[in-house]
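1. Got a sequence here, can you build the structure:
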Amino acid sequence: FRTSITDRDTFGVNTGFTAEYHFTVKGNFDFSGITAAVERPAIWQVYVNGTEVRAEGGEWIIDRETGVYRIGDLVRKGDNAISLKASPMSVHAEIEPVFVMGDFSVKASDKGWLIEAPVNNLTAGSGKDQGMPFYPWGVTYSMEYTVEKPEGQFLLSLGRWRGTVAEVKVNDNYRNVIAFPPYQLNITEQIREGVNKIEVTVTGSNKSLHGPHFNDPRPGQVAPGNFRNVKTYPAGKDYQLPDYGLIGDFQLLNGK
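-> Model prediction:
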């Protein structure tokens, strides 16, 4: 591989190409915290709406080869373009997704998605339906229970949920996880008289972030072929996205 591919990375100074990624912002909200993530930033010159930006030193997301760019001051309402320029050409300049991140929601459109104002006061239910279809990390749900007499056994029951794992936190001083049926956790020793605060953080997966999003692939193993043969620019509603989240409220069960 080295001899036939990487040792031949000897392109001249007048070679290269530019790849352009577009995203649309709708509505008025605070853009200042918006960032972009670009894989292998050393290869690229990166521009946002025509202005060059540089990766933040020492910052990364997803993996250490993915740099973070602060682009909020350059984002505008309407169409925006992130351009990646490789000059000279390099065999390492593979086209990869560019991620736009920040405190916002996304809404399905006729082609892909629109970036809109963040959804305040998230509730139980699918994150996909609350402006977070591509969010792979944790969402925390919190409830308080008043216990007059902490007697008997106390079980935390998740009920309906979708995710890879759920972290449970009780009264700020106890943590454990729920990952397998029957999706319950004995928290008897953590319950005290009076008000008890219970938090459940449901974590999704990189299926939301990386896909594959098209051609309705079967869940399970993902191979390069799952990302091929996309013949049209699909509408947002046609993306294959999981319903991650706490679908119904969790419950504190007390057995005497």
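
2. buried ones in stretch 4-24?
-> 21, 23 (16 or more other C-beta atoms under 10 Å). Placement of C-beta: from N, CA and C, glycine included.

3. how far out from the middle of the chain is that stretch?
-> 28 Å (C-alpha atoms, centre = their mean, to the nearest Å).

4. Tell me where the model's unsure across the protein.
-> Of all residues in the chain, those with pLDDT under 70 make up the ranges 256.

5. Spell out for me which residue occupies the centre of it.
-> Tyr135 (2.7 Å; C-alpha atoms, centre = their mean).

6. Checking that residue next. Helix, strand or coil?
-> coil (DSSP: H, G, I helix; E, B strand; the rest coil).

7. thought it was touching Leu122?
-> No: between Tyr135 and Leu122 there is no contact under C-beta atoms under 8 Å: 10.6 Å.

8. what pairs with Trp161 across the strands?
-> Trp161 has these beta-bridge partners by DSSP bridges: Leu246.

9. Return the residues in contact with it.
-> By C-beta atoms under 8 Å, 6 or more residues apart in numbering, the residues touching Trp161 are 183, 202, 245-248, 250.

10. Recalculate using a threshold of 7 Å.
-> 202, 246-247 (C-beta atoms under 7 Å, 6 or more residues apart in numbering).

11. Now neighbour count and distance to Gly33 too, for the residues you listed, in a markdown table please.
-> Listed next are the contacts of Trp161 as a markdown table, based on neighbours: other C-beta atoms under 10 Å; distance: C-beta to C-beta, whole Å:
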| residue | neighbour count | distance to Gly33 |
| --- | --- | --- |
| Val202 | 25 | 24 |
| Leu246 | 25 | 26 |
| Ile247 | 16 | 29 |
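
12. For Ala37, state which of those is nearest.
-> Val202 (23.2 Å; C-beta to C-beta).

13. does that closest one sit in a helix or strand, and which one?
-> strand 194-203 (DSSP states H and E).

14. got the contact list for that strand?
-> Strand 194-203 is touched from outside by 137-147, 156, 158, 161, 163-172, 244-246, 250, 252, with contacts defined as C-beta under 7 Å, 6+ apart.

15. Find the residue closest to Thr164 in space, skipping its chain neighbours.
-> Closest residue to Thr164 apart from its sequence neighbours, by C-beta to C-beta, 6 or more residues apart in numbering: Ser205 at 5.0 Å.
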